[in-house]
Every structure is written in structure tokens, then in C-alpha cells.
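1. Here's a sequence, model it:
(chains A, B, C and D)
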There are 2 protein chains.
Amino acid sequence: MTSVTITDVAHRAGVSMKTVSRVLNAEPHVREQVREKVLRAARELRYRPKVSARSLAGARSYQLGFMLYQVSPYAMHAALGALKACRAAGYHLIVESIDLQAEELDSDMEALVNGLSVDGLILLAPVCDNPIVLDALESAAVPVVRIAPATQRPYGGRIEVEDEAAALAITEHLLDLGHRRIGLVQGPRGHGASSRRLAGFRKALAARGLEADPELIRQGLFTFESGREAAGALLALRSPPTAVFATNDLMALGVMAKALELGLGIPRDLSVAGFDDIASASMVWPGLTTMRQPIAEMAVAAAEAIIAATGKDPPPQAARPPFACELVVRGSTAPPRA
Amino acid sequence: MTSVTITDVAHRAGVSMKTVSRVLNAEPHVREQVREKVLRAARELRYRPKVSARSLAGARSYQLGFMLYQVSPYAMHAALGALKACRAAGYHLIVESIDLQAEELDSDMEALVNGLSVDGLILLAPVCDNPIVLDALESAAVPVVRIAPATQRPYGGRIEVEDEAAALAITEHLLDLGHRRIGLVQGPRGHGASSRRLAGFRKALAARGLEADPELIRQGLFTFESGREAAGALLALRSPPTAVFATNDLMALGVMAKALELGLGIPRDLSVAGFDDIASASMVWPGLTTMRQPIAEMAVAAAEAIIAATGKDPPPQAARPPFACELVVRGSTAPPRA
DNA sequence: ATGAAAGCGCTAACAC
DNA sequence: GTGTTAGCGCTTTCAT
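-> Modelled structure (predicted):
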């Protein structure tokens, strides 16, 4: 089972190796007739170029890196989107990982960068906003696309999402239902989505002439447990909220769990809304009302941006308008009790 | 930013390229003194061997493949374990994917195999039991480790888990609580875990002199929706079960959702048990009683097995005893109502 | 529009 | 123990 090489294809098509290479790389200066002959030969031989040979000889590696820090449904869907885009373009997806908490983050990054052989790296929050990571990548000139970053750095491409507008919309959904005391569970500080979603929340209230009661705004960490804790605090207030908007689904599930645990009915006694539309959001009862974030599509766009920009001089530019989110109303939200 | 090569290191250390290669690959026949000189030079130059050159020239690629078919919490945790093991060994993890439903699965596989440049592939169910996939891999002599496979194929390594014993244990848990009419939601046919878990269930009943009522055994697909549907059927029976063991957590969550939707209390009116202990199992209320499967550790073992076996003649052999599962009792199970 | 030759950075097979 | 010589399969010049 010796694998088929480019010369095998060349022989079969009766052309030179270089012509096959031209066809495969969609380079110009090949007669249509020849091109087809080559493609047919390649197909018949089930030829697949060898990534290592290509990356050794040429400028591109046909590999994309996906940087993982913590596992989460969000990261998982993003990885899947990236994988899909890679496959479509004949690329491979390499999963890299880095521990942002590590003491020796800078030397870890240097090692990672050094051993890296990818045409670009896809970065998610919170990694995409870590200055040490970005410095290391930038000084090694690794092409990067950051998905929904918080910081405004003139390096690499960015994929944006309408976080603020979405948070505003879901807050309006609660307001429309008649809620006036709405609790908010924030994400971690420094995480881009946190501040944008909080801003959207405030704007929605302001638009109705309301102001957020500071005691209804709680700090979370985008984890289930932190949502649970925040809910505990909110529900213990003298005047508890009738609805809670947790700025991601994991925390929203924590809020739901805490409320149910305390014997409250959802949505009878408390409405809960989340953000992201992770799989679990539709696997709990009642289903979680949330904003569906097109994270997989965003990752596809990120991968495509890197692939398109590889080899070209100008690094991946933004240009793309922010992705929109979609309100998904399930059973966890309803009008407050009279 | 020209990268430093093995010859640079050789020059600096005053030896030949080959000697550097020997040192870096921990081959024998190098004087300790020389070895240290080389290592120092490499360190000073921040030398990192280029993966593509290594894999093109040599037998190993320093890359492991992880085959993804469907995204699931199970697959995600496995990928993470594999990634961890890779990093520890200086390997990279490449995510490959294949669509088992595709009409042209065989030619897809052939293409995949052809473009593959990994030292081995980690396979999960159901991919690890697909004959077309396995044939393609075997004929290309791709080293493989199958995690919890159903089929007994004398090819590649296997990582086993005590599925049957675990299913038996969780069924005993329900029996001990006093349940006698226990519903079972099976996994898809042909999936290794399905039959083993069903067998464990039957054995537990048999050990108490009970026999499974055929109408209490339902077919599922290891998906949330299929669990919901099975629950609908079970709860509509003239004599419905007082407890349901769904053979994975996704289906168990579906069972819970359906029961709650029908106004039943959990565990008051129905106990529910699952299998896997995915993240969501502890994020619903009440928490799901389940068997924790050490999938990440299993993937670590799989990756390590491949890495250890690379380059050696005998392909990765089993030897490793099956991994054990652990019963995690949460709120979804309780004695039946009097 | 097509082809020939020269490497990319490393390991393998032999020398010595 | 250490060095030399060939390639691995492809992309890049540079010819034609």
C-alpha cells in the first residue's frame, strides 16, 4: 500500500509533475483540456497530496490551528465549524492548547509558537484577549483570527458578533413580558462578551426609562456553578427579581437549577434567559430561552479568512459585518405572576 | 525570522547533522559529552524540529489523529484526553472527520487515508466498529486504537471499559431502591456499548430472579430526542415503569424532560438513571444519577498506546485491563412511591 | 502553456 | 561513536 504521489498522477495524465501541481493549486496557465485530464487521473488514482511534503516545500502548511483553553460547548461548536471549513478547503485542523493560568505562560507560548506549523490560528475568548499570548503570536508573525475579541488590537483578523444588540433584544423580551425587576448575571471581567452584553442590558432598560438596580447585577464566571451562586444571592434579596438574564447558558442553567432547588417554579415564579443556545439549553425542562449565537458559522468564517489570506501579503482583514444572533424563546420565560 | 534548522545546531555544536538528529531522537551511540554539547546548542538557538520535515523523511509524523463523526460530550471529553496525552509527548493532535452516512464512504475513506499523515488514529464508537472504515485503515496499515469497540477484530489496539458491570451496578442501584418495573432505553443497534449495557441490565434483573418485561425495553439512538420519544412510549403504558435506565445521559435527559413535561415529578413519580456522566448530567435539576465513564482517561491511554508503539514492530496490543466506571448518585433516583 | 532541475529540513542506510 | 549520501513528495525557480 505505497501511497500515490504526484508523479503517479503525472504519468497517468501524460504530463509533468509540475502541471499536476498547477492544476491542484488552481494556478493559471493550464489548458482546460489538460486540467481535466489531470483531475480525472487524480480522481482515478484517489490521489491526495501529502501535507508534510507540501508544507516542507512550500509556503503554506495546509494546516490550521485551533487554540483551546477550556472545554465548553461554545468552544466545541467553534472547533466543529473550523473543522468543517478546513475539510472543505483541503486543510487539516490541529488543536493546540494553552493554559492561561500557567505561571510560565510566556515560555509556554514561546515553545508553542516555535513548534507551530500552521497557516494560521483561530483564537476564542478569553485566549484571544490575553496580551501574553498575542504578543508571542504577533512577534512570530503567526496569522491569527480572533473570534469576538474584547480588545482592539491592530493585529490579525477579527470575527464579530452583535453581542450588545442581542443582549438588548433578550432584555426587551423580558421587559415585553412585563418584568421590571430583572436580575443580571455577568460574565468574567475582561471577557469581551461580558461587557458588551451588560451594555446591551443597560441600554434596553434605559430605553424604557428604567435603570438597573445595582444589587440585581451579579458577577459570574460563565460557569454553571457561578450561575448557581449568583442565583442564590439574587433570590435571597428582600425584593428578588422576577426574571434573570444570565449572560451565557451555562450560568443560566445554574440559575434554573438553583431556583428549582429552592422550590420555585420556572417560569411561574422566575423567568430565566441565557445566551449562546448550547445543546443543553434545549435539553432541560422547561427549555431555556436564549440567544442563539452562530458560533459554528463564525468559526467557519474565521477559518475561511485565514485560508483565503494565506500566502497573500495583507494579513486577514476584518471587513465582514458582525454576525447576528437569534432569539430562541422556550419555556423558561413567561409573564411575571400577578 | 528564518527558522533555525538542524544544520545550524550542528555547526554551533561542531558536529554533523546526523549526530544532532541522534541526540534529539534519543538514539544510542552518542557520547555523553557530545550529547550535552548538542543539547546546549539546540537550547541556545531555540531549535525546534520541523514536524513536516520529520514526517516527510522519517517513519513517524509526531501527529496523532482523532476521528470525529458526531459531536457529543462523550467525543469532546475523549478528544481532550487525547490532546493532553499528545502535548505531554510532544505530539500534535489532528482532528479528522468522516461521515458514516455518506454514500461513498469507501472512497471517502480511501481519500482520507491517502492524505493522512499521522502515527495512529484514535477511534470511538460508532466509527470504531464500521467495517468499511476499518478495512480502509487496515489495508493502509494505519495504526489504530479503538475505544470501547463492539466488534472483535484482530487489528489495532483496544481500550475497554466495564460497560456491562457498570450497567449491572446501576440497575442494582434501582433495584435496591425498591423498583421492580424498570424501563430500559437501549442505544442504537451495532453500537458496542448498547449490547453490553443491555446485557448488564438483564443480568442484574436475573440475579434477583426477575426477568425484563419486553415492553419495558425500548430502542433509542443515544440522542436526546430518542430518549424523549422512548419515554413517551414507556409512560403511556397501562402499567408504566417506576424507574427508567437510559443507557446514556443524552437519552436520560430526554426521559427526564418528557416526564417533567407530562407533569410527573422526578424522582417522586419516576426515577431516571443515565450513563456517562456528561457535564449536563449535573446541570439539570434534579441532578441525574449516572455511571461516570472515565472517557478522558481512556483517550489518554489510547494516545499513549499509539505513541509508545510507533516505530516498533508489534502493533499496539491490548493488555490493559478494562477501565472501571463509578456510580454517581444524584437526585433523579429515589425509592418508588408507596 | 509546459517542463526540468533544485531544494525545503529532516531521517535512513550505509560507510568509516 | 560519528559522518556521508540519498532521498521523502512536493513547490519553486527558471527554462523553453
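2. mind checking the SS state of A:Trp285?
-> coil (DSSP: H, G, I helix; E, B strand; the rest coil).
3. Kindly report the same for A:Asp108.
-> helix.
4. these two touch, right, it and A:Ile98?
-> Yes. When contacts are counted by CB atoms under 8 Å, A:Asp108 is listed as touching A:Ile98 (6.3 Å). Just so you know, the C-beta spots here come from the backbone N, C-alpha and C atoms, and that holds for glycine as well.
5. More neighbours: which of these two?
-> Between A:Asp108 and A:Ile98, A:Ile98 has the larger neighbour count (other CB atoms under 10 Å in any protein chain shown), namely 20 against 17.
6. what sits against that one?
-> A:67-69, A:105, A:108-109, A:112, A:127, A:133 (CB atoms under 8 Å, 6 or more residues apart in numbering or on different chains).
7. Tell me where chain A is predicted with low confidence.
-> Applying pLDDT under 70 to chain A flags residues A:1-2, A:311-319.
8. Relative to chain B, which residue of it is the closest?
-> Of all residues in chain A, A:Arg48 sits closest to chain B, at 3.4 Å by CB to the nearest CB.
9. Strands of the stretch 1-150 of chain A, start to end?
-> Along the stretch 1-150 of chain A, counting by DSSP state E, counting those that start in this stretch, strands occupy A:63-68, A:92-97, A:120-123, A:144-147.
10. List the contacts of the last one.
-> The list of residues contacting strand A:144-147 from outside it, by CB under 8 Å, 6+ apart, reads A:78, A:120-125, A:128-129, A:134, A:137-138, A:155-159, A:295, A:298-299, A:302-303, A:305-306, A:316.
11. Give me the next element, helix or strand, following it.
-> Downstream of strand A:144-147, the next assigned helix or strand under DSSP states H and E is strand A:157-159.
12. I'd like to know which of the contacts of strand A:144-147 are buried.
-> Listed as buried from the contacts of strand A:144-147 are A:78, A:120-125, A:128-129, A:134, A:137-138, A:156-159, A:295, A:298-299, A:302-303, A:305-306, A:316; burial here means 16 or more other CB atoms under 10 Å in any protein chain shown.
13. Would stretch A:7-26 count as contacting DNA strand C?
-> Yes. Judged by CB under 7 Å from any atom of the strand, stretch A:7-26 and DNA strand C are in contact via A:15-19, A:22.
14. Show me what that stretch is in contact with.
-> Contacts with stretch A:7-26, where a contact means CB under 8 Å, 6+ apart, come from A:6, A:27, A:29-30, A:34-35, A:37-42, A:44-45, A:47, A:49.
15. Which members of the residues of stretch A:7-26 next to DNA strand C are classed as buried?
-> Among the residues of stretch A:7-26 next to DNA strand C, those classed as buried by 16+ other CB under 10 Å are A:15, A:19, A:22.
16. Let me have these in TSV, extended by distance to A:Asp249.
-> What follows is these, written out as TSV (distance: CB to CB, whole Å):
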residue	distance to A:Asp249
A:Val15	55
A:Thr19	52
A:Arg22	48
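17. which among the residues you listed gets closest to DNA strand D?
-> Of all these, DNA strand D sits closest to A:Arg22, with 7.5 Å by CB to the nearest atom of the strand.
18. Leaving out the residues flanking it, which one is nearest to A:Ile147?
-> A:Ile159 (4.7 Å; CB to CB, 6 or more residues apart in numbering or on different chains).
19. if I pick that neighbour, what's in contact with it?
-> By CB under 8 Å, 6+ apart, the contact set of A:Ile159 is A:145-148, A:298-299, A:301-302, A:305, A:320, A:323.
20. 6 Å instead?
-> A:147, A:298, A:301-302 (CB atoms under 6 Å, 6 or more residues apart in numbering or on different chains).
21. so how far is A:Arg87 from it?
-> 19 Å (CB to CB, to the nearest Å).
22. domain ranges for chain A?
-> When chain A is parsed with automatic domain parsing, its domains come out as A:6-47, A:56-160+A:296-309, A:163-292.
23. what's the closest of those domains to B:Ala230?
-> Closest approach to B:Ala230 among the domains of chain A (CB to CB): domain A:163-292, 14.7 Å.
24. start to end distance for that closest one?
-> From its first residue to its last, domain A:163-292 covers 11 Å (CA to CA, to the nearest Å).
25. now check that domain, is it near chain B?
-> Yes. On the criterion CB under 6 Å from any CB of the partner chain, domain A:163-292 is in touch with chain B at A:224, A:253, A:257, A:260-261, A:280, A:283-285.
26. which residues touch A:Ala246?
-> Residues counted as contacts of A:Ala246 (CB under 6 Å, 6+ apart) are A:185, A:227, A:252, A:255, A:274.
27. What separation is there between the closest residue to A:Ala150 other than its chain neighbours and A:Phe222?
-> Nearest residue to A:Ala150 in three dimensions, chain neighbours excluded: A:Gly192, at 2.7 Å (CB to CB, 6+ apart). According to CB to CB, A:Gly192 and A:Phe222 sit 12 Å apart.
28. Over to A:Pro126?
-> A:Pro126 sits at a distance of 9 Å from A:Phe222 (criterion: CB to CB).
29. neighbour-wise, which of the two wins?
-> Taking other CB under 10 Å, A:Pro126 and A:Phe222 do not tie; A:Phe222 has more neighbours (26 against 21).
30. Identify the residues contacting that one.
-> For A:Phe222, the contact set (CB under 6 Å, 6+ apart) comprises A:187-188, A:248.
31. make it 10 Å
-> Going by CB atoms under 10 Å, 6 or more residues apart in numbering or on different chains, A:Phe222 touches A:70, A:72, A:74, A:125-126, A:185-188, A:191, A:193-194, A:246-251, A:275-276.
32. so which strand or helix has it?
-> Under DSSP H and E, no helix or strand contains A:Phe222.
33. all helices for the stretch 51-200 of chain A, in order.
-> Assigned by DSSP state H, counting those that start in this stretch, the stretch 51-200 of chain A shows helices spanning A:51-57, A:73-88, A:105-115, A:131-139, A:163-177, A:192-207.
34. For these, give me a markdown table that also has distance to A:Ile217.
-> Shown next, in a markdown table, are those (distance: least, CB to CB, whole Å):
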| stretch | distance to A:Ile217 |
| --- | --- |
| helix A:51-57 | 49 |
| helix A:73-88 | 22 |
| helix A:105-115 | 31 |
| helix A:131-139 | 27 |
| helix A:163-177 | 12 |
| helix A:192-207 | 8 |
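35. quick one, which of the ones you listed is nearest to DNA strand C?
-> Ranking the helices of the stretch 51-200 of chain A by proximity to DNA strand C (CB to the nearest atom of the strand) places helix A:51-57 first, at 3.3 Å.
36. And that closest one, what's buried?
-> A:51-56.
37. for stretch A:181-192, same thing?
-> Neighbour-count burial for stretch A:181-192 flags A:181-188, A:191-192 (criterion: 16+ other CB under 10 Å).
38. again, but for stretch A:171-182
-> Using 16+ other CB under 10 Å as the test for burial, stretch A:171-182 gives A:171-175, A:177, A:179, A:181-182.
39. okay, those in a markdown table with distance to DNA strand D next?
-> Putting these into a markdown table (distance: CB to the nearest atom of the strand, whole Å) gives the following:
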| residue | distance to DNA strand D |
| --- | --- |
| A:Thr171 | 51 |
| A:Glu172 | 52 |
| A:His173 | 51 |
| A:Leu174 | 54 |
| A:Leu175 | 56 |
| A:Leu177 | 57 |
| A:His179 | 59 |
| A:Arg181 | 62 |
| A:Ile182 | 56 |
